[in-house]
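*Asks:* okay, sequence plus prediction incoming.
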Amino acid sequence: MTGDAPSDDALLVLFACGEAQAARELTARLGPRVFSVALRVLGDQAEAEDVAQEAMLRLWRMAPEWQPGQAKVSTWLYRVVMNLCLDLKRRRRGGSVNIDDVPEPPDLGQSAPEQLQDRARADALQAALMTLPGRQRQAVVLRHIEDLPNPEIAGIMDISVEAVESLTARGKRALAAALAGRRAELGYSDG
Amino acid sequence: MADNNGHIDLDGLFDAARRDSAALPEALSERILADAAQVQAGFAEPPARAPSPGLWRQVKALLGGWPALGGLAAACAAGVWIGVSPPAFLPDPAGLVSAAQSEVDVLGGYSLSSLYLEDG
């Protein structure tokens, strides 16, 4: 973001005042992150789209009550997304899946070799993520893919920083174990 | 990109996942913006106001509703009836108004000025 770009706070206030362009800017800025994190946590495109749309709808509705400077809009949104994901998981009962049950990645067409490898690794990671318990998966995604600091994750997940550290440590160990047999397939070599 | 123990480099996988981050589908973006327009249209409408109650409703509410009004009406009717046709044991109010002042001398002939002098 440049210094001239309005903050998320300011855009939300503009939206509440009826500025339509603010909705477009906020959607462009926050929509991809909301959808991406929902997709990582849920592992399902259609469900991730529903969650992203619902989270953004709640943002629009909440805009008139938003108090600039009290919290980060993105943190509020992450929290909504995580809660929606948990609700969805409770409704469908279960949540962890066998790594072999994760659907095959889509046809990658004429992508460059580096992109192909990135995609293969991202898909392998996604498949391994889906074997983790829900809260572990959320913590790992927020910490290591969304790159959020532990205190912010603690606020999003409504747990202590120590609990975040514990979840992410256990999650990484579980991921390493799930991916241990796929080194060669993912282009890694020992040494 | 495996470490010396032959473990997967998870950080490398996380980096790949960040680079491979999903873009917002166009159709989803349009649905989000349609929701935004609908919510924003609601902001423009003045908040719905309940119609102001009439004077009679306000008085009724102030006095306590129909039960209080019923009691008030009964008390008014009883007062009017007693005024028009008073019971026999009550003195005639018209007589009370026109009656002469009592002539009993409660001081028994003493003068107030002389009583003050005795105290002082």
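*Replies:* Alright, I've got the coordinates.

*Asks:* nearest residue to residue 16 in space, please, no chain neighbours.
*Replies:* Picked chain A for this. Leaving out its chain neighbours, the residue that sits closest to A:A16 by CB to CB, 6 or more residues apart in numbering or on different chains is A:A63, at 4.1 Å. C-beta: built from backbone N, CA, C; applies to glycine.

*Asks:* wait, chain B
*Replies:* A:R121 (3.9 Å).

*Asks:* just A:R137 next, same as before
*Replies:* Spatial nearest neighbour of A:R137, excluding adjacent residues (CB to CB, 6+ apart): A:L129 at 5.3 Å.

*Asks:* per-residue confidence at that neighbour?
*Replies:* pLDDT, A:L129: 94.

*Asks:* who's in contact with it?
*Replies:* A:R40, A:G43, A:R137, A:V140, A:V141, A:L175 (CB atoms under 8 Å, 6 or more residues apart in numbering or on different chains).

*Asks:* what's the burial count for the first one?
*Replies:* Using other CB atoms under 10 Å in any protein chain shown, the number of residues around A:R40 comes to 25.

*Asks:* A:V141 is in contact with that one, correct?
*Replies:* Yes: contact criterion CB atoms under 8 Å: A:R40 and A:V141 qualify, at 4.5 Å.

*Asks:* wait, which of the contacts of A:L129 is closest to A:K72?
*Replies:* Taking CB to CB as the measure, A:K72 sits nearest to A:V141 out of those, at 17.7 Å.

*Asks:* mind listing what that closest one touches?
*Replies:* Contacts of A:V141 (CB under 8 Å, 6+ apart): A:V37, A:R40, A:V41, A:L129.

*Asks:* what about 6 Å?
*Replies:* Applying CB atoms under 6 Å, 6 or more residues apart in numbering or on different chains to A:V141 gives the contacts A:R40, A:V41.

*Asks:* would you list the phi and psi of it?
*Replies:* phi -60, psi -50 (degrees, to the nearest 10).

*Asks:* per-residue pLDDT, it?
*Replies:* pLDDT recorded at A:V141 is 95.

*Asks:* what distance do you get for it to B:L33?
*Replies:* 26 Å (CB to CB, to the nearest Å).

*Asks:* so which residues of chain B form strands?
*Replies:* With strands called from DSSP state E, chain B shows none.

*Asks:* longest helix in chain A, by residue count?
*Replies:* helix A:20-42 (DSSP state H).

*Asks:* from the contact counts, what lies against it?
*Replies:* helix A:8-16, helix A:45-62, helix A:73-92, helix B:26-44 (3 or more CB pairs under 6 Å, 6 or more residues apart in numbering or on different chains; DSSP states H and E).

*Asks:* repeat the analysis, applying 8 Å as the threshold.
*Replies:* If you count contacts as 3 or more CB pairs under 8 Å, 6 or more residues apart in numbering or on different chains; DSSP states H and E, helix A:20-42 packs onto helix A:8-16, helix A:45-62, helix A:73-92, helix A:134-140, helix B:26-44.

*Asks:* got the angle for it vs helix B:26-44?
*Replies:* 130 degrees (axes from the mean of the first three to the mean of the last three CA atoms, to 10 degrees).

*Asks:* quick check: angle from helix A:20-42 to helix A:8-16?
*Replies:* Going by the same axes, to 10 degrees, helix A:20-42 makes 120 degrees with helix A:8-16.

*Asks:* how far off helix A:73-92 does helix A:20-42 point, in degrees?
*Replies:* 50 degrees.

*Asks:* just how off-centre is helix A:20-42 within its chain?
*Replies:* Computed by CA atoms, centre = their mean, to the nearest Å, the separation of helix A:20-42 from the middle of its chain amounts to 11 Å.

*Asks:* what's the angle between that helix and helix A:45-62?
*Replies:* Computed by the same axes, to 10 degrees, the angle separating helix A:20-42 from helix A:45-62 equals 140 degrees.

*Asks:* flag every buried residue along helix A:20-42.
*Replies:* Applying a neighbour-count criterion of 16 or more other CB atoms under 10 Å in any protein chain shown, one finds A:22-27, A:30-42 buried in helix A:20-42.

*Asks:* spatially central residue for chain A, please.
*Replies:* The centroid of chain A falls nearest to A:V37 when counting by CA atoms, centre = their mean (1.5 Å).

*Asks:* ok, now how distant is that one from B:A17?
*Replies:* From A:V37 to B:A17 the distance is 11 Å (CB to CB).

*Asks:* which neighbours do these two share?
*Replies:* A:I145.

*Asks:* okay, B:A61: pLDDT?
*Replies:* Confidence score, pLDDT, at B:A61: 71.

*Asks:* ugh, typo on my part, it should be B:S98
*Replies:* Looking at B:S98, its pLDDT is 63.

*Asks:* do the same with the one 5 residues further on
*Replies:* We have a pLDDT of 64 for B:E103.
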